[in-house]
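Enquirer: the sequence and its predicted three-dimensional model are supplied below.
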Amino acid sequence: MAADPTRRVVIAVAALLPLAAVSGCGGVDVLGHPPSPAPDVGLLRAAIAAEELMIARYDAVLRGGGSLTAALDPLLAEHRAHLTQLRSRLIVPAGSASPSPSVRPQGTPSPPAGPAAAVAYLRDAEQGAAAGLLGWLPHAPASLAQLFASISASEATHVPVLDAAAGNLTGQAGG
């Protein structure tokens, strides 16, 4: 006699396979939900939002015009470079929601009137951003921590540039 399975056995096994697959691992619905993002994705999105907010602050001050353009344009360019670096680290799987351009800062505060007050506003924002990034370092993986530390250092170096711009403003007002 042949060892081949009978037609009835093949049909029975074929009928039971989908039931076994569905009952064994929670069903097809398990495949329909994307996994939760890793914790560093949340940090990265927060850093992107913070950098977008900083750029919005600079844009708001520069829209006011005045003598600050020469001092602020290079700093704004650095913030845009930071944002590009941060966004390049955010990998969104195919079929997922788009990355962070849709995550815009909620209501950018209006800068204070007057160039000296606007520079102080940006100086405080730079100090806060640098400190914020340093606070995230213990929670970030090594490669992201390196990027955060680098951006934090850059933002800290913006403070003396802004101080010099403020000094130039007071020198112009007195002369």
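Expert: Noted; the coordinates are in hand.
Enquirer: quick check: which element contains the spatially most central residue of the chain?
Expert: Closest to where the C-alpha atoms of the chain average out (CA atoms, centre = their mean) is residue 48, at 2.1 Å. Counting by DSSP states H and E, the element that carries residue 48 is helix 39-63.
Enquirer: packing partners of that helix?
Expert: When contacts are defined as 3 or more CB pairs under 8 Å, 6 or more residues apart in numbering; DSSP states H and E, helix 39-63 sits against helix 69-89, helix 115-136, helix 142-174. The way it works is simple: take the backbone N, C-alpha and C, and place the C-beta from them, glycine included.
Enquirer: what about 6 Å?
Expert: Under the contact criterion of 3 or more CB pairs under 6 Å, 6 or more residues apart in numbering; DSSP states H and E, helix 39-63 touches helix 69-89, helix 115-136.
Enquirer: residue 37: what secondary structure?
Expert: Taken by DSSP: H, G, I helix; E, B strand; the rest coil, the conformation at residue 37 corresponds to coil.
Enquirer: how close does it sit to residue 131?
Expert: With distances taken as CB to CB, to the nearest Å, residue 37 is found 25 Å from residue 131.
Enquirer: low pLDDT regions in this protein?
Expert: When residues are selected by pLDDT under 70, those of the chain lie in 1-5, 17-35, 93-108, 170-175.
Enquirer: per-domain residue ranges of it.
Expert: Domain segmentation of the chain under automatic domain parsing yields 1-33, 37-174.
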